[in-house]
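[1] Whatever this is, show me its structure:
(one chain, ligands or ions: 1)
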Amino acid sequence: MSMGVLRRTPLNPPALRGNESRSARIFCLPPRVCSMRVLLYDDPIFREHDAGRGHPERPERLDAVRRGLRDAGLEARLRSASPRDATRAELLRVHTEAHVERVAATAGRTVRFDADTQAGPRSYAAALRAAGAAVQAVERVLAGEAERAFCAVRPPGHHAEADRAMGFCLFNNVAVAAAHALGGGLERVMVVDWDVHHGNGTQAMFYEDPRVLYLSSHEFPFYPGTGALEEVGEGRGRGFTVNLPMPAGLGDAEYARVYRQVVEPIGRAFDPQLLLVSVGFDPYVADPLAGMRVTERGFAEMAAVCLSIAAAAAASRAVFVLEGGYDLDGIALSAAAVVALLTGEGHAPLPWPASGPMDRLLEAYRQVLAPFWPALGS
Ligand SMILES: [Zn+2]
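    Numbers count the residues shown, from 1 in each chain. From the prediction side, this is the model:
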C-alpha cells in the first residue's frame, strides 16, 4: 500500500456529499464544540442480563461504575442519558441475520452459547439496548449535542463475531457503533481497545476495511488467542489493524510508554474523525481474570492518549464503551479516573522510562508497524 493512504488530510463535514442517499445524511458535523458536555449512558435493563450463577460478568459491575463516579463527585458533571434499542438494520451492518435471530430467540429463556457465554431471559433486551446506547452516543456526539460519552453497558461486546456470541458478548456494541458512524458518512473511525483481552470480534469485522483503524493492546498469549503483532489487516485494510500484544505483569509505566510512544503517533497519523474506546478495566492490578498490574493512574494515562488522538479531525469527539473488568473496587476507581478526564479534569502525565526492559517489545512493534506507520520511526 502507498504510505500516502495513511496520512490523510483531516476532513471537515464529511457527511453531505451530493451522491449520498438521504439515509446517509444523519450527521451534521459542527465545528469544534466549545463547552464540555459529557453523556453518561446507563439503563436498569443492563442489570437484568444474567450471565449465569457465579459469573464474573455480573450486574454489580455497573453499580461499581456508578459508585466510583458518585464518590469522585463526577455524576453532577455528567448528563444522564437513556439509551434506545439498536435497530435490526443497525445490527445487520456487522452481524449476520442468523446470529441476530439466534440471540433474539433467547428472549424469555436461558441459552448457553459456549462455556463462558450465556443469555438469560432478559439478555436479548439488554444486548439490544447496550448496542443502542453506543449507537445513540455516536449520533449525539456527531450531531454536536455532546462532546463525549461514557456508556456503562452490559453485556460487553468486543468478542462477539459477525456470526457468533462468545466471551461474555452477544452483540458487538462498539462495532455496531463504528459501522453506524461509517453509515453516516464518516471516513475514518478509530477504535482503541484497551481491554486486557484481544477484541477478536471487532478486529474481524473491519479486517479488510481501511476506514476503521482497530488498535488493541492486550495480554498475549491469552484468551481468545487472536491478536498477534503480525495480524495487521488484509487487502485494502492492510495496516489498519494494529495489535500490541503484551506479556503479563505490565503496569502503569509500561502501558504509559506503549501508549505515548506507539498508540499516540499512530492515532495522530490516522487522525480519526471519531474515536471509540473499548474500555476494559481488566488490566487492573487486582483483576481476577488477568495478569496485568495497571492502576487507575494507568487508565487515566490511556484515556489521555485517546483524547489527544481525538483532538484534531475528531474535534474531541469520543465515545467510551465498557467492555470487561471484574474487580469491583478497581472498576469504581478506574471508571472515575477515566470519566474525570472526559469531563476535562486535568491530568498529570505518568512518567515512563525512556529505555529499559520494554525496549525489545517496542522494537518488535516498530519492526512490524513502521512500514505502515512511518511516524513510529525506524
Ligand atoms: Zn476482557
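
[2] List the contacts of the residue in the chain that the ion sits nearest to.
    Distances between the chain and the ion by C-beta to the ion are smallest at G324, namely 2.9 Å. From N, CA and C alone the C-beta is placed, and that goes for glycine too. Neighbour list for G324: 57, 156, 168, 195-197, 280-282, 289 [criterion: C-beta atoms under 8 Å, 6 or more residues apart in numbering].

[3] Next up, identify which helix or strand it is on.
    G324 is part of no helix or strand when elements are defined by DSSP states H and E.

[4] now, which of the contacts of G324 sits nearest A105?
    Relative to A105, the closest of the contacts of G324 is F168; by C-beta to C-beta it sits at 18.9 Å.

[5] roughly how far apart are that closest one and V263?
    25 Å (C-beta to C-beta, to the nearest Å).

[6] how about the residues of the stretch 251-378 of the chain near the ion?
    With C-beta under 5 Å from the ion as the criterion, the stretch 251-378 of the chain meets the ion at residues 280, 282, 324.

[7] number of nearby residues for the first one?
    Using other C-beta atoms under 10 Å, G280 is surrounded by 26 other residues.

[8] Return the backbone torsion pair for it.
    In terms of degrees, to the nearest 10, the main-chain angles of G280 are phi -110, psi 130.

[9] quick one: it from Q136, how far?
    As judged by C-beta to C-beta, G280 and Q136 stand 21 Å apart.

[10] next one: the last one
    Taken as C-beta to C-beta, the spacing of G324 relative to Q136 amounts to 22 Å.

[11] Also Y207?
    According to C-beta to C-beta, Y207 and Q136 sit 26 Å apart.

[12] before we move on, what about A364?
    Taken as C-beta to C-beta, the span from A364 to Q136 is 39 Å.

[13] Those two: who's more crowded?
    Between A364 and Q136, counted using other C-beta under 10 Å, the more crowded position is Q136 (24 against 13).

[14] Which of the contacts of G324 sits closest to V242?
    D195 (14.9 Å).

[15] Tell me how many other residues crowd the closest one.
    26.

[16] sorry, back to before: in helices, which of the contacts of G324 fall?
    Among the contacts of G324, none falls in helices (DSSP state H).

[17] which of those residues count as buried?
    Among the contacts of G324, the ones that count as buried by 16 or more other C-beta atoms under 10 Å are 57, 156, 168, 195-197, 280-282, 289.

[18] hey, where'd the helices end up in the stretch 151-300 of the chain?
    173-183, 200-205, 252-258, 264-270, 296-309 (DSSP state H, counting those that start in this stretch).

[19] does P83 sit in a helix, a strand or a coil?
    Following DSSP: H, G, I helix; E, B strand; the rest coil, P83 is assigned to coil.

[20] which residues does it contact?
    Counting by C-beta under 8 Å, 6+ apart, P83 has contacts 41, 43, 129-130, 132-133, 136-137, 151, 153.

[21] So which of the residues you listed sit within helices?
    Using DSSP H, the contacts of P83 in helices are 129-130, 132-133, 136-137.

[22] By neighbours, which of the residues you listed wins?
    That'd be A130 among the ones in helices among the contacts of P83, by other C-beta under 10 Å, with 33 neighbours.

[23] State whether that residue and V174 are indeed in contact, as I suppose.
    No. With contacts counted by C-beta atoms under 8 Å, A130 stays clear of V174, the gap being 10.2 Å.

[24] shared neighbours of these two, which are they?
    Common neighbours of A130 and V174 (criterion: C-beta under 8 Å, 6+ apart): G157.
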